[in-house]
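> Next come a sequence and a model predicted from it.
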Amino acid sequence: MTTRRHLLIGGGAGLVSLAIAPLPVGATEVLFDEALQSLTNGAEVKAGRVTLTIPGIAENGLSVYTTVAVDSPMTEADHVRAIHILSPRNPIALISSFHLGPRAGRPKVSTSIRLAGSQEVAAVAEMSDGSFWKDSKKVIVTIAACIDGG
Amino acid sequence: MARAPVRISMPDEAKKGEIVDIKAILRHPMETGYRVDNVGKKIPRNIVTDMTVTYGGVEVMRWKLQPGVAANPFIGFSTVAIETGELVFTWTDDTGQVFRESRMLTVT
């Protein structure tokens, strides 16, 4: 049976969720670690072999030109399987993943990404032997990509 | 189908074994789903989720996108010129719309 009290409680809860819902919470280090964990499946991520090129000061967080290059011979036996770009502050930690193989010739990809504020962006490379390598760069974002309904 | 809103930059021909640099951009809003319109209604998410490139029928690049990729998604990558063939670029967005464009690469 639905009473007036139930309706009031239900309405109140609806209002609360409405007030919270439009404000997505930025990714924390925890979300970042979770995203990295799901990519690597717990494997160790070593520093090196990856070069992340991103401006130190990004004037517009809506479009930041990013290049990731990996040190690899790109042969059938030893090549880069995937390149991932991650952010510790965006609402979704994983920005994008590139899956490539020996036919890429050169283990280098570039794209434009969104950044929801100043942070340390990371690039992770997955090698054909199953190892993971990482590089990260601090980026100061003057105008953040609008994520709070602005 | 109307011509895809795509721009691709790559050479028409290459020597066998040469590494070919390719740049591709698709005109797309990459709506994150976090924005609201002027009456406070949520604008539904519509991003390009997948982009693939096949060369002579073999996949040479697969790109998984998230809302963290800027509007008008741009990709720069490379491939080894193996044989004369067609490169097919395919983008798929949240609404299921598919954008496809192809380029011939002549290998000498």
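Noted; the coordinates are in hand.
> pLDDT below threshold where in the chain?
Assuming you mean chain A. Applying pLDDT under 70 to chain A flags the ranges A:1-28, A:146-150.
> You answered for a different chain; I wanted chain B.
Using pLDDT under 70, chain B drops low at B:1-2.
> For it, just list every one of the strands.
Assigned by DSSP state E, chain B shows strands spanning B:6-9, B:13-14, B:19-26, B:48-55, B:58-65, B:74-80, B:85-93, B:98-107.
> Tell me which of the ones you listed sits most buried.
Ranked by mean neighbour count, those are led by strand B:74-80 with a mean of 21 (mean count of other C-beta atoms under 10 Å in any protein chain shown). Every C-beta, even on glycine, is put in place using the N, C-alpha and C of the backbone.
> does any part of it sit near chain A?
Yes: Strand B:74-80 is in contact with chain A by C-beta under 8 Å from any C-beta of the partner chain, via B:74-80.
> Run through the strands of chain A in chain order.
A:45-47, A:50-53, A:57-60, A:64-70, A:80-86, A:94-99, A:108-113, A:119-127, A:132-143.
> Can you dump the C-alpha atoms of the third one in PDB for me?
What follows is strand A:57-60 as a C-alpha-only set of coordinates in PDB (Å, rounded to 0.1, in the frame of the first residue of the first chain):
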ATOM      1  CA  ILE A  57      51.000  23.700 -20.300                       C
ATOM      2  CA  ALA A  58      47.800  23.000 -22.100                       C
ATOM      3  CA  GLU A  59      45.800  26.100 -22.800                       C
ATOM      4  CA  ASN A  60      42.700  24.300 -23.700                       C
END
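> Which residues of chain A lie near chain B?
A:22, A:24, A:62-64, A:67, A:85, A:87, A:90-92, A:94-101, A:103-106, A:108-114, A:146-149.
> Spell out for me the PyMOL command that would select the buried members of the residues you listed.
The buried residues among the residues of chain A next to chain B can be selected in PyMOL (16 or more other C-beta atoms under 10 Å in any protein chain shown) with this line:
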select buried, chain A and resi 24+62+63+64+85+87+90+91+92+94+95+96+97+98+99+100+101+103+104+105+106+108+109+110+111+112+113+114+147
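> can you tell which of the strands of chain A is closest to B:Y55?
strand A:94-99 (14.4 Å; C-beta to C-beta).
> Now do the closest one: which elements does it pack against?
Secondary-structure packing of strand A:94-99 (3 or more C-beta pairs under 8 Å, 6 or more residues apart in numbering or on different chains; DSSP states H and E): helix A:29-40, strand A:80-86, strand A:108-113, strand B:58-65.
> if we can go back for a sec, export the strands of chain B to TSV and append columns for distance to A:E126.
Output for those, formatted as TSV (distance: least, C-beta to C-beta, whole Å):
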stretch	distance to A:E126
strand B:6-9	27
strand B:13-14	28
strand B:19-26	21
strand B:48-55	18
strand B:58-65	13
strand B:74-80	16
strand B:85-93	23
strand B:98-107	27
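> So for A:S38, which of those strands sits nearest?
Per C-beta to C-beta, nearest to A:S38 of the strands of chain B: strand B:58-65, 12.9 Å.
> C-alpha coordinates for that closest one, CSV please?
Extracted C-alpha coordinates of strand B:58-65, given in CSV (Å, rounded to 0.1, in the frame of the first residue of the first chain):
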residue,chain,number,x,y,z
VAL,B,58,44.0,-7.4,-42.8
GLU,B,59,43.5,-5.2,-39.7
VAL,B,60,46.5,-3.0,-39.0
MET,B,61,45.1,-0.7,-36.4
ARG,B,62,42.3,-0.9,-33.9
TRP,B,63,41.5,2.2,-31.8
LYS,B,64,39.2,2.0,-28.7
LEU,B,65,37.9,5.5,-27.8
